[in-house]
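Chemist: Coordinates for the following, if possible.
(chains A and B)
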Amino acid sequence: DGGITQSPKYLFRKEGQNVTLSCEQNLNHDAMYWYRQDPGQGLRLIYYSQIVNDFQKGDIAEGYSVSREKKESFPLTVTSAQKNPTAFYLCASSKLAGIETQYFGPGTRLLVL
Amino acid sequence: GQQVMQIPQYQHVQEGEDFTTYCNSSTTLSNIQWYKQRPGGHPVFLIQLVKSGEVKKQKRLTFQFGEAKKNSSLHITATQTTDVGTYFCALDAGNMLTFGGGTRLMVKP
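Modeler: Below you'll find the model as predicted:
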């Protein structure tokens, strides 16, 4: 059963705390992406990775960090520098980087306590 | 840079009415994709258009790519409550996909 999984579904963060969102895919896709979605809004690109051990900043990378040590995994860390982290975070992957069709995970809702 | 405008931002319709969302680009596109996100869900790929003037249908959904490849539309005939959600266009911008702001469709039964 192929697809993209994200965990947890809901995540609570305390002030000043770093939290890490998990994203795993077994589609053998080279490219992976992280988006942020605020209520009633569109998708904003945080980071993307075209290949293992490589990643690039998107439009709103400040306050976030990523790693891509394995092809299957692209975790996102929301750092304490991100002052307004409450949002819906979506991970996606595509076979290759660029304008390929993207497949999305179910998302993680992050709430600040 | 690439400008993507998707209109309208919101649309309320009575069940059975038609619905259309438009996606406009400031530059000529190589292709355009459409996605649907149900409330509380994640975006799901619907279709890709590549050719100038291309029209594709999926049951009650009709997708069209403009002759100049700068705009696209998604038309739903006789909406149903299952059509509720946000429809996003996505287009190439510097060899990356850029998503439009989406059109949120609400259907009154």
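Chemist: Can you tell me which residues in chain B are near chain A?
Modeler: Residues of chain B lying near chain A by C-beta under 8 Å from any C-beta of the partner chain: B:30-31, B:33, B:41-45, B:48, B:88, B:90-92, B:95-97, B:99-102, B:104. (Each C-beta comes from the backbone N, C-alpha and C, glycine too.)
Chemist: residues from chain A in reach of chain B?
Modeler: Contact residues (C-beta under 8 Å from any C-beta) of chain A with chain B: A:35, A:40-43, A:45, A:48, A:90, A:92, A:97-107.
Chemist: Those in strands, which ones?
Modeler: Those of these mapping onto strands are A:35, A:43, A:45, A:48, A:90, A:92, A:103-104, per DSSP state E.
Chemist: Would you mind checking which of those residues is nearest to A:Val19?
Modeler: A:Leu90 (15.9 Å; C-beta to C-beta).
Chemist: neighbours around that closest one, how many?
Modeler: 25 (other C-beta atoms under 10 Å in any protein chain shown).
Chemist: Next: A:Ala87.
Modeler: As a measure of burial, A:Ala87 has 22 neighbours, counting by other C-beta under 10 Å.
Chemist: Run through chain B and note the low-pLDDT ranges.
Modeler: Residue ranges of chain B with pLDDT under 70: B:1-2, B:94.
Chemist: And the strands in it?
Modeler: B:4-7, B:10-14, B:19-25, B:32-37, B:44-49, B:55-58, B:61-65, B:71-76, B:85-92, B:97-99, B:103-108.
Chemist: For chain A, which segments are assigned as strands?
Modeler: Under DSSP E, chain A gives strands at A:4-7, A:10-13, A:19-25, A:31-37, A:43-51, A:54-57, A:64-66, A:76-78, A:87-94, A:103-104, A:108-112.
Chemist: before we move on, the earlier item: would you list the ones in strands among the residues of chain A next to chain B in CSV and tack on pLDDT?
Modeler: Output for those, formatted as CSV (pLDDT from 0 to 100):
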residue, pLDDT
A:Tyr35, 97
A:Leu43, 94
A:Leu45, 94
A:Tyr48, 95
A:Leu90, 98
A:Ala92, 97
A:Tyr103, 96
A:Phe104, 97
